[in-house]
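J.: Fold the following and give me the result.
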Amino acid sequence: MRPLRFVALGDSLTEGVGDPVGDGWRGWAALLAAGLAPPEAPVEFRNLAVSGAQTRDVLERQLPVALAERPDLASVVIGVNDTLRYTFDIHAVAERLDEVYAAFTGQGAVLLTACLPDPGTMLGLPGALARPLARRQRAVNAVVHALSERYGAVHLHAAEGDWVVDRGMWSADRLHPGERGHRQLALHFHALLAEAGLASGPVPSAVPEFPGPSRAASLRWLATSGTGWVARRCTDLLPQLLGLAASEVRHRVRGTGVRLDLAASRAVASALAGVAVDSADAA
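T.: Okay, here's the model as predicted:
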């Protein structure tokens, strides 16, 4: 029997950060892989996700390796790191995702995608700092939604809901799910795949195998490793973010904050129109 082949692309979320097992990470994709087929049926799973990856990394580094695997199922969950860079460009994000999605579906693979919570809210940043990041993440999510529909992806709406506000779902860094959160992602993806007749294995358990970090351990992580992690992700964004925050404050004082939302919506529409034109030209 030919094995079912599943490849996972993305960043630290898909790599499994927040769900430690032994000396490495497990994560939602590995948990999902175990439930794709009955125990007697072989499943080949390869996780290509790398912490810190952006859409460019997925397109240029992960995609060629994944296509060589000739997968039956491919997950592409990416975009948060793009929002944390001063180079953020929703047009470029849309173009890269469009190319990645098209490559997998062109090979006949089933595509898995997800939209995600914004990092500013998860980190508990002040409003003037959080709102620009939230606006960027909403833009990425809008693009992912539209392209997922275009390519017939199995899409998980994970940007909102009880799991986002339940601290028990998240690891000490507040950006990555803990084991419970990873299990929820696996469980929800499995439900969508089973509904579509694409998963016939055991449903991933929602019950954690390991105890979550204590509050003291979480605070200790945030005061040491966590601070460094966030700093490394945001170093090139900080000057721009301060400027974005100042703009937020000015618009709120003038009562013109809606203009920022309208500008972001226009940028998303323009980005999606651009990839639609490119797709039509290619056809």
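J.: H176 is in contact with L185, correct?
T.: No. Using Cβ atoms under 8 Å, L185 is not in contact with H176, being 11.1 Å away. C-beta: built from backbone N, CA, C; applies to glycine.
J.: Off-centre distance for stretch 111-127?
T.: 9 Å (Cα atoms, centre = their mean, to the nearest Å).
J.: Quote the end-to-end distance of it.
T.: 35 Å (Cα to Cα, to the nearest Å).
J.: Looking at that stretch now, give me its mean pLDDT.
T.: Stretch 111-127 comes out with an average pLDDT of 86.
J.: That one: which residues count as buried?
T.: 111-123, 125 (16 or more other Cβ atoms under 10 Å).
J.: can you check stretch 157-169 too?
T.: Within stretch 157-169, judged by 16+ other Cβ under 10 Å, the buried ones are A158, A159, W163, V164, M169.
J.: For the closest residue to A142 other than its chain neighbours, the count of nearby residues, please.
T.: Leaving aside its sequence neighbours, A142 sits nearest to V268 (Cβ to Cβ, 6 or more residues apart in numbering; 4.8 Å). Residues within reach of V268, counting by other Cβ atoms under 10 Å, total 21.
J.: and V7, what helix or strand is that in?
T.: In this assignment (DSSP states H and E), V7 forms part of strand 4-10.
J.: now that strand: mean pLDDT?
T.: Rounded mean pLDDT across strand 4-10 is 98.
J.: in its sheet, what does it sit against?
T.: strand 43-47 (parallel), strand 73-77 (parallel) (DSSP bridges).
J.: Highest mean neighbour count out of these?
T.: Most buried of the strands paired with strand 4-10 by mean neighbour count (mean count of other Cβ atoms under 10 Å) is strand 73-77; its value is a mean of 27.
J.: Can you tell me which helices and strands the next helix or strand after that strand packs against?
T.: Using DSSP H and E, the next helix or strand after strand 73-77 towards the C-terminus is helix 80-83. Helix 80-83 is packed against helix 127-150, with contacts defined by 3 or more Cβ pairs under 8 Å, 6 or more residues apart in numbering; DSSP states H and E.
J.: what packs against the helix it packs on?
T.: If you count contacts as 3+ Cβ pairs under 8 Å, 6+ apart, helix 127-150 packs onto helix 80-83, helix 90-106, strand 110-115, helix 119-123, strand 154-157, helix 238-254, helix 258-282.
J.: got the angle for that helix vs strand 73-77?
T.: Counting by axes from the mean of the first three to the mean of the last three Cα atoms, to 10 degrees, helix 127-150 lies at 160 degrees to strand 73-77.
J.: distance of the closest residue in space to I78 that isn't next to it in sequence from L272?
T.: Using Cβ to Cβ, 6+ apart and skipping residues adjacent in sequence, the residue nearest I78 is G10, 4.7 Å away. To L272, G10 is 21 Å away according to Cβ to Cβ, to the nearest Å.
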